[in-house]
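A.B. asks: mind looking at a prediction? Sequence and model below.
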Amino acid sequence: MHFGVFDLFKIGVGPSSSHTVGPMLAAKLFVERALESDQEIIRLEAELYGSLALTGLGHGTDKAVLLGFEGCDPSQIDPDDIPARLDRIRNDQRLKLTNGKTLVFKEKRDLQFRGDIRLPFHSNGMKFRAYGEADILIREEIWYSIGGGFVIDEYEAGRNSAADVKEGEPYPFNSAQELLDIGQRENLSIHRIMLANESAFATEQEVHDGIDHIWSTMEACIDRGLSQEGILPGGLEVKRRAPKLYRDLKDNPVPQEQDPLAAMDWINLWAMAVNEENAAGGRVVTAPTNGAAGIIPAVARYFDHYHRDKDDDEALQRFFLTAAAIGSLYKKNASISGAEAGCQGEVGVACSMAAGALAAAMGASNEQIEDAAEIGMEHNLGLTCDPVGGLVQVPCIERNAIGAIKAIDAARLALRATSADMKVSLDQVIETMRQTGIDMMEKYKETSQGGLAVNVVEC
């Protein structure tokens, strides 16, 4: 199975990779298949199940399905165009397919939320139907959105794989121990192993350019989040905090000698800016999910501003390649889905990826990188996904800030550790996370039926 850099880091729109990006892509792919039929599509229908239904309205799943039916791609659509497009669909009660055909779409009839049903493979299940003349069924498919923008149909679910089946990787690995063994045998750092694998399917320059594009998109998201004022959508009346915090930090700088922890304020700011943008439906990069999208950009900017040697042009490449290698291990052996593993599968994984990536960027050995990633997850085990109001706002925005700080602390601990200090392996903590996700009660897995979601009164 190949999970590469551009699988873990996808450009999309907020507020959720599993509830917005995934369903939009699945609906798009379904309609593309249905259009291959000789029969003309007269009507489209969707049913959402489990977590998609229970928190779908707060996560924008209804909007994502409408846009996907019209052929919108989450990586390409302009977030600023979405409101007008949705208004047109809903006011006209019509969808415009990519073949130019316009068809009637009555949302209350044709888009159903079935939170009482959980499909067996994954909580984020959906069923699409396309009908022709006389309500004859043309095509029906079940799809799953399995976290991080990954989608699979019922056939792929049967194979239990969302990975591209590719041959030609020079250094395939399915565990952290295999990764360490390759590094020792070939005298290669983790990022060099990952780069060699990526370069089997693209040129090395294309990989570097792609990473640069991912980083520039993350930076643009941070910067936009620093300037956008107002109330986040959804009804909780959560006010954007990043712009005011940014002005306070910029206008009232505190010398490092007066406050040695002043950098933490900036890290918190950058993480929150991204997740406020995500909550508003802006352009974000899954890292590895939208709900955890602020952690890796905040840690990367921290490294870039405070530690990077300006002559080290490879530093951020090391960062993202290493992060992807770590993220791929969670994707292969556990989960990055909040609906499957709770928030340990989102913020926990992002923290682990960021910790290992920061250690790599700062020159750590492969063993120290593995230790940093292990520490990053070990102290997020059991973290529940309990969004208030089904929105990716409380506690998600602040949770990203805390996750970024944890990642930096994990990297610092690992950089000062020796092999004798490392008592828990990354493989062991990934397996523990997987088992914890299985044991976690369903109400703590992105359903808004437990935790803060029921103990915080919605305003």
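C.D. replies: Alright, I've got the coordinates. Numbering: from 1, shown residues only.
A.B. asks: wasn't V284 part of a strand?
C.D. replies: Yes. Checked against DSSP: H, G, I helix; E, B strand; the rest coil, V284 lies within a strand.
A.B. asks: my guess is it contacts G14, does it?
C.D. replies: Yes. Here V284 reaches G14: they are 5.4 Å apart, a contact under Cβ atoms under 8 Å. Every C-beta, even on glycine, is put in place using the N, C-alpha and C of the backbone.
A.B. asks: mind checking the pLDDT average for whatever helix or strand V454 lives in?
C.D. replies: Using DSSP states H and E, V454 sits in helix 452-455. Averaged over helix 452-455, pLDDT sits at 95.
A.B. asks: how about the helix or strand of the chain with the lowest mean pLDDT: buried residues?
C.D. replies: Least confident helix or strand of the chain, by mean pLDDT, DSSP states H and E, is helix 154-159 with a mean of 85. Residues E156, A157 are the ones in helix 154-159 that count as buried (16 or more other Cβ atoms under 10 Å).
A.B. asks: could you identify the helix or strand that succeeds it?
C.D. replies: Following helix 154-159 in sequence order, the next helix or strand is helix 176-186 (DSSP H and E).
A.B. asks: send the alpha carbons of that following helix over as CSV?
C.D. replies: Taking C-alpha atoms only, helix 176-186 is exported to CSV below (Å, rounded to 0.1, in the frame of the first residue of the first chain):
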residue,chain,number,x,y,z
ALA,A,176,8.2,2.0,12.1
GLN,A,177,10.6,-0.8,12.7
GLU,A,178,10.8,-1.6,9.0
LEU,A,179,11.4,2.1,8.4
LEU,A,180,14.2,2.1,10.9
ASP,A,181,15.7,-1.1,9.5
ILE,A,182,15.7,0.4,6.0
GLY,A,183,17.4,3.5,7.3
GLN,A,184,20.1,1.5,9.1
ARG,A,185,20.7,-0.9,6.2
GLU,A,186,20.8,1.7,3.5
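A.B. asks: tell me the buried residues in it?
C.D. replies: For helix 176-186, by 16+ other Cβ under 10 Å, it's A176, L179, L180, I182, G183.
A.B. asks: quick one: distance of that helix to the chain centre.
C.D. replies: Distance of helix 176-186 from the chain centroid (Cα atoms, centre = their mean, to the nearest Å) equals 27 Å.
A.B. asks: which residues touch it?
C.D. replies: 171, 173, 188-190, 193, 325, 329, 366-367, 370, 373, 425-427, 430 (Cβ atoms under 8 Å, 6 or more residues apart in numbering).
A.B. asks: shared neighbours of V284 and G14, anything?
C.D. replies: Contact criterion Cβ under 8 Å, 6+ apart; residues shared by V284 and G14: E277, N278, N290, A293.
A.B. asks: perfect, I'm done here.
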